[in-house]
Every structure is written in C-alpha cells, then in structure tokens.
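>>> sequence and computational prediction follow.
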Amino acid sequence: MGSLGTVSPQAMQFAEPLPLQSGASIGDYTLMYETYGTLNADRSNAVLICHALNASHHVAGHYAGDPRSAGWWDNMVGPGKPVDTDRFFVIGINNLGSCFGSTGPMHTNPATGKPYGAAFPVVTVEDWVAAQARLADRLGIERFAAVMGGSLGGMQALAWSIMFPDRLRHCIVIASTPKLSAQNIAFNDVARQAILTDPDYRGGDFYEHAVVPKNGLKVARMVGHITYLSNDDMAEKFGRKLRNAAEGNDYKFGFGIDFEIESYLRYQGDKFSEYFDANTYLLITKALDYFDPARAHGGSLDKALAGTRAQYLIASFTTDWRFSPERSREIVQSLLANRRKVTYAEIDAPHGHDAFLLEDARYMNIVRAYYERVWEECATGIAAVAAREAA
Amino acid sequence: MKFEDLSTLRPDLAFIAHWVNKGAHVLDVGCGDGAMLRYLERGMGCTGYGVEIADDKVLESTRRGINVIQHDMEQGLDLFGDNAFDMVLCLSSLQMMQHVEARLRDIVRVGKEAIVSFPNFAYWPHRVSLLKGRMPLSRSLPYQWFDTPNVRYATIHDFKDLAEKCGLEVLEYVALAEGKPVSFLPNLRGSLAVFRLRKKDLVVA
C-alpha cells in the first residue's frame, strides 16, 4: 500500500452568512479542506471524511518538507488502503470553530476587528454539516458515494444522512453514538471547567492578553485521554510502573510524578496545550453534548431516521467505554426499525475508543470490504455513463 | 449467484430456498458466509439481514454484499422488532445455543414464518455409533464430543414438540441426506432436519 505523499490544504471563502442552530449566524468564513484522488466524470466517487475532536482536514499524506506530518487517518485513506484514493475522490474538511485554519475563535471578528474569542458563536454538529454541504456545492458534488467519520465525525456522518438524505449513498459511522450519556457530558464538563477556571482563560479573550490557558487545556486533555483508552490497555502499557526506576524504584511521597501513567498523561496534556485552542475545545465539547437528532422527534431515534435513504456501515469496538457498542446498537436498532440497509461490525479490539484510529486487521478488512461495495456501485455508474457516451 | 451454483455448493440451502416466498423480508440468523441471503436477494428479490457473531463470517458476508449485523444470537434478538420479518432462517445454528427455547421464542417474536434446521441426532449412523458405545461422528456432526460448538442435540420428534410449545405450527418438515429430501423413515435416514414453521394465530404462553 502506498502513501499519498505530499498533500496541501486549500481554503474556501464563503461570504453568505450561515444561519446557526443557536439562532446566531456567521458570515465571511473560511473552510479548510484537502482532497485526494480524482473526481470522476459523473462525480459519483466523492467521499467526505468528517473529523473528530482534535483532528482537522489533514486526513492523509504529509506536508512538503515535513515527513512526520502524516494525516490523522493515514492508515485508512490512501492508494490501495481501505478508502482507496485510486478509486475515490476523498475530501477532508475542517469544521467551523476549529483552530486548524477554518474560521474559529482566534480569527478576527469583522464586527469588532478583534479576535472572536468568547464571541465566537456556539456551533453544532448540524451547523458543521450545513457548512460542509456548501463546500460540496462549490465543488460540484451533488451526492457523495460515502460520508464517513469516527466518534464526533460519526455524528456528522449520521447528521448528513438525516439532513441531506439524497446527498449520500453510504453513511459510515464508526465508534460513535446517537447522543451523549450523562457520564459523557460529565467528563466533557470537567474538561471545560478546567479551561474556564484557568486564570489565563480571561473570559475567553486571552488572545489580546497574549496568554494561553495552558494548564486548563492540559487537564482537559488528560481527562479526555483517559476516556479514550481501555482499562486493560492502560493496565498493560502502564500498570503501576514507577517513573523513577533508576532511583531505587521507591515512592516519592509527594505530589510530583510517581507513576508512569502520570508521566504519560501529563506529557500528552502538555503537548496538546501547545497546539490546541482553549475556545475550540469548549466549542467542540459542547457540539458533542448538544448532538441528539432524536430530540426533535420526541426522543424517538426511529422517527429521526425515518427520512434517511443512505445505506449504512456502523462499527463499534468492544472495549470502547466512551461510546460503547450499546450506543452503536441503538443506531443499528433504529435503522433496522426503518428497514434501512445496514451492516454492523462489533470489533473485538483492545484499545478502547482510540481503536478507530489504529491499525486492526478485522476493522480495516471490514471497512475495505464495505468500500468494495461502494465502489461497485460507482463502477456501475461509470459504465452507464460510458455506455451513454458511446451511444 | 445462480440457483444452480447454490445447489452445487450447498444442496441443503438450495432445498430450503424453495420454501422462501419471492420478495420476502428475511432474517438469516447465523448467516455464515451469507451465501443463502445473497441468493435470496439476487435470485428471488428478497430483502433482509444476516446475523452472525464470527468476525471472518461477518467479513465474508460483507464481501458478498449482504447486510450483516454482528451479534451473538445467544444475547437474543432484541435488536429486531415484533413481526419485523416475513421469514426467519436459523440454519444449523440453533443446536449451538445454550437456551434453545428462549431463542426459538425470539424467532417466533420477530418473524411470521421460520425455517429451522439442525443435525438430526437420530440419523441411523449416529444410532449405530451409540450402539457401539461411541458418540457419533459424521458429516452432519463432524466434531469430537469434547470439542464441538454444538451444545444441544435433538431429533425430529423432539424438535417438533418444542416448536409447538413455542407457538409455532409445523407446516412441513423434511429430513435431508446429501441435500435431498428423504421421505421414507426420515428420522432414521435424514442427517439434517429442516422445519418450516408458522406462527400460530394464538400464541400459546
């Protein structure tokens, strides 16, 4: 399997204001995106990849001069990979409110000439999908062969199938959920509180004070990270191993780092706080909390999915306790109640929620097999176009 | 896949396919590699889903282009609504269930009709083995007693009683040997028992 090699991001500007679910709207915004592969003549081979919490439009390949800048789903997307860019025209897109180039809280608010900061409107999964649909319009893609995402990306894919039933043939939802549980929201709020109570947060307008609420972001990431791993995986990697093996392997009887897991989480937290934006973290976790397509239908997911037309691949991981298989099964159950075409894979992988980003043969094989089907339909369409042209 | 192919590959499946109505909405519990459902969809205009627990079978079914739900039938069929299917197939997998009666009741709940097959323990070579004091080993029961996925053994007569107890009317049953129906002394001469069942109008509690 090859890699995509060097890729480069593109920006698309939108002048027309986008109405948001909150009632606010945002005008003059930019969406960052990347594309891989070639759009075919009948425009039937486009695949949209929606990103999860801390990812972006940079799905696969790497940037010029930086071979270590591999995209976040480089194992999934590329030539000969499960989402084969020799066949499909793949689009990675960065959502509004992000800190990776699309218009977000650190960008200048045209109304004030200062960074948006706390004034950046709250965005929802549905708002993101509406924005993505505008980008698809501009690219001339009427209907996607597939819209795909994991975790928060899976929610976007699901929302696509509800909001634009005729604009996607397949909907691929991995390690996701139809709505967050109280426990999920609780973890998110602990993360948000860590940021909101950091003295450097300055009510969200920290940019003008030239400070960053690093500690808050670090703690937020540490909490999040724990929920992405499985207990078994953590036990196997870290157990109760001590950090100071060289110094006699004794407890320090203090509040510094004793255990390997502490060291690991703090390191991950520090790294995260250096590249991620605090306001973006707040926005994205709220978008997660608010997602609940059944809410508009009196809590009935069956009704929420009644108007869908896509075919679905739903996949979950047995050790994922953040969005456990039960949550995916809720989606499956409602799709079955609506007699939708759905395939459900429950993958027995040890890595918890993060498994959706990792290499696991059973997982990769099922996605590959499913995309064979997606491709078969594209190829049938291509053959029909060729026949039409020949006639 | 054409019917002839199915017939060559899996004679028992080819026989069973005759009992499924055209265009039926089908649930194939323990769908294996999906060959049956693929045939019913392509050859007979049926729709439906397979249910399968094994990773490799889920993958094969997906490759065949059928919709498969990875699920342990032992956990029940709560994913599916009441009377959701015209036909439920449960072919050569019920004998692997701990709670056969509960699973059969699940089948009655989700489907209007059902086809259930299982290895017939009363098949004469099995009887001969037992007479010789040994557990049977045959093409329909190919596993050693200590290493078998089959945890329940039944004969045609036994299953008939249970099906009726679970609210199913036995419309037809046959015993197959090498995929062909055996009409004379079926419980003795058939290695695979196949029942065609319909939900009774009044379900007996």
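Yes, it's here.
>>> these two touch, right, B:Phe15 and B:Val182?
No. Counting by CB atoms under 8 Å, no contact exists between B:Phe15 and B:Val182, whose distance comes to 11.4 Å. The way it works is simple: take the backbone N, C-alpha and C, and place the C-beta from them, glycine included.
>>> please name the nearest non-neighbouring residue to A:Glu359.
Nearest non-adjacent residue to A:Glu359, counting by CB to CB, 6 or more residues apart in numbering or on different chains: A:Asn75, 5.2 Å away.
>>> tell me how many other residues crowd B:Pro181.
13 (other CB atoms under 10 Å in any protein chain shown).
>>> wasn't it part of a helix?
No. Assessed by DSSP: H, G, I helix; E, B strand; the rest coil, B:Pro181 does not belong to a helix; its assignment is strand.
>>> circling back to that earlier point, any common contacting residues for B:Phe15 and B:Val182?
B:174, B:176 (CB atoms under 8 Å, 6 or more residues apart in numbering or on different chains).
>>> can you pull out the helices in the stretch 51-200 of chain A?
With DSSP state H, counting those that start in this stretch applied, the stretch 51-200 of chain A shows helices at A:125-138, A:152-163, A:182-196, listed in chain order.
>>> deepest of these, which one?
When you average the neighbours per residue for each of these (mean count of other CB atoms under 10 Å in any protein chain shown), helix A:152-163 leads with a mean of 27.
>>> which stretches of chain B have low pLDDT?
B:1-10, B:201-205 (pLDDT under 70).
>>> spatially central residue in it, please.
By CA atoms, centre = their mean, the mean C-alpha position of chain B lies nearest to B:Leu91, the distance being 1.8 Å.
>>> wait, isn't it in contact with B:Ile115?
Yes. Using CB under 8 Å, B:Leu91 is in contact with B:Ile115, at 7.2 Å.
>>> so what sits against both of the two?
Between them, B:Leu91 and B:Ile115 have B:Ile16 as joint contacts when contacts are counted by CB under 8 Å, 6+ apart.
>>> what does chain B put close to chain A?
Within reach of chain A by CB under 8 Å from any CB of the partner chain, chain B has these residues: B:25, B:47, B:49, B:55, B:58-59, B:62-63, B:65, B:67-71, B:78-81, B:84.
>>> which of those residues count as buried?
Burial by neighbour count, 16 or more other CB atoms under 10 Å in any protein chain shown: within the residues of chain B next to chain A this picks out B:25, B:47, B:49, B:55, B:58-59, B:62-63, B:65, B:67-71, B:79-80, B:84.
>>> wasn't B:Ala175 part of a strand?
Yes. Secondary structure assignment places B:Ala175 in a strand (three-state DSSP).
>>> partner residues bridging it?
In this structure, B:Ala175 has beta-bridge partners B:Val182, B:Ala193, where bridges are defined by DSSP bridges.
>>> tell me the contacts of it?
Taking CB under 8 Å, 6+ apart as the definition, contacts of B:Ala175 comprise B:120, B:123, B:156, B:181-182, B:186-187, B:189-194.
>>> same thing but 10 Å
B:117, B:120, B:122-123, B:155-156, B:181-194 (CB atoms under 10 Å, 6 or more residues apart in numbering or on different chains).
>>> of the residues you listed, grab the buried ones for PyMOL.
Selection command for PyMOL covering only the buried members of the contacts of B:Ala175, criterion 16+ other CB under 10 Å:
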select buried, chain B and resi 117+120+122+123+155+156+182+186+187+188+189+190+191+192+193+194
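>>> among the contacts of B:Ala175, which are located in helices?
In helices, defined here by DSSP state H, the members of the contacts of B:Ala175 are B:156, B:186-189.
>>> top helix in chain A by residue count?
The longest helix of chain A (DSSP H) is helix A:361-390.
>>> run a quick neighbour tally on B:Lys132.
Counted with other CB under 10 Å, residues neighbouring B:Lys132 total 8.
>>> picking that back up, now the helices of the stretch 51-200 of chain A in TSV, with mean pLDDT and distance to chain B?
Compiled in TSV, these are given as follows (pLDDT from 0 to 100; distance: least, CB to the nearest CB, whole Å):
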stretch	mean pLDDT	distance to chain B
helix A:125-138	98	25
helix A:152-163	98	15
helix A:182-196	97	22
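>>> export the ones you listed as TSV, with columns for distance to A:Thr227.
Supplementary listing: those in TSV, determined by distance: least, CB to CB, whole Å:
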stretch	distance to A:Thr227
helix A:125-138	19
helix A:152-163	13
helix A:182-196	6
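>>> how about the longest helix of chain A, does it reach chain B?
Yes. Using CB under 10 Å from any CB of the partner chain, helix A:361-390 comes into contact with chain B via A:361-363, A:365-370, A:372-373, A:376-377.
>>> show me which of these are buried.
Using 16+ other CB under 10 Å as the threshold, A:362-363, A:365-370, A:373, A:377 are the buried ones among these.
>>> low-confidence regions, the stretch 1-150 of chain A specifically.
Checking the stretch 1-150 of chain A against pLDDT under 70 turns up A:1.
>>> number of nearby residues for the residue in it positioned nearest to chain B?
Among all residues of the stretch 1-150 of chain A, A:Pro82 sits closest to chain B, at 12.0 Å; criterion: CB to the nearest CB. Other residues within reach of A:Pro82 by the criterion other CB under 10 Å amount to 20.
>>> wait, what's in contact with it?
For A:Pro82, the residues meeting the contact criterion (CB under 10 Å, 6+ apart) are A:1, A:73, A:75-76, A:363-372.
>>> next: A:Gly97.
A:Gly97 is in contact with A:26, A:29, A:103-105, A:107, A:116, A:120-123, A:127-128, A:277, A:279-280, A:282-284, A:286-287, counting by CB under 10 Å, 6+ apart.
>>> A:Gly27 versus that one, what's the distance?
Taking CB to CB, to the nearest Å as the measure, A:Gly97 and A:Gly27 are separated by 15 Å.
>>> same check, this time on A:Thr197
As defined by CB to CB, A:Thr197 lies at a distance of 32 Å from A:Gly27.
>>> find the helix or strand that A:Val223 is a member of.
Taking DSSP states H and E as the definition, A:Val223 sits inside helix A:214-228.
>>> mean confidence score for that helix?
Averaged over helix A:214-228, pLDDT sits at 96.
>>> what's that helix packed up against?
If you count contacts as 3 or more CB pairs under 10 Å, 6 or more residues apart in numbering or on different chains; DSSP states H and E, helix A:214-228 packs onto helix A:182-196, helix A:260-275, helix A:278-290.
>>> for those helices, which one sits closest to A:Pro67?
Between A:Pro67 and the helices and strands packed on helix A:214-228, the tightest spacing by CB to CB is seen for helix A:260-275, at 18.3 Å.
>>> what residues sit buried inside stretch A:12-32?
With burial defined by 16+ other CB under 10 Å, the residues of stretch A:12-32 counted as buried are A:14, A:18, A:20, A:26, A:29, A:31-32.
>>> do me a favour and get the end-to-end distance for it?
Taking CA to CA, to the nearest Å, the first and last residues of stretch A:12-32 lie 6 Å apart.
>>> can you give me how far it is from the chain middle?
Centroid separation between stretch A:12-32 and its chain, computed with CA atoms, centre = their mean, to the nearest Å, is 20 Å.
>>> so A:Met12 belongs to a strand, correct?
Yes. Membership of A:Met12 in a strand is supported by three-state DSSP.
>>> burial count for B:Glu169?
As a burial measure, the neighbour count of B:Glu169 was computed by other CB under 10 Å and equals 13.
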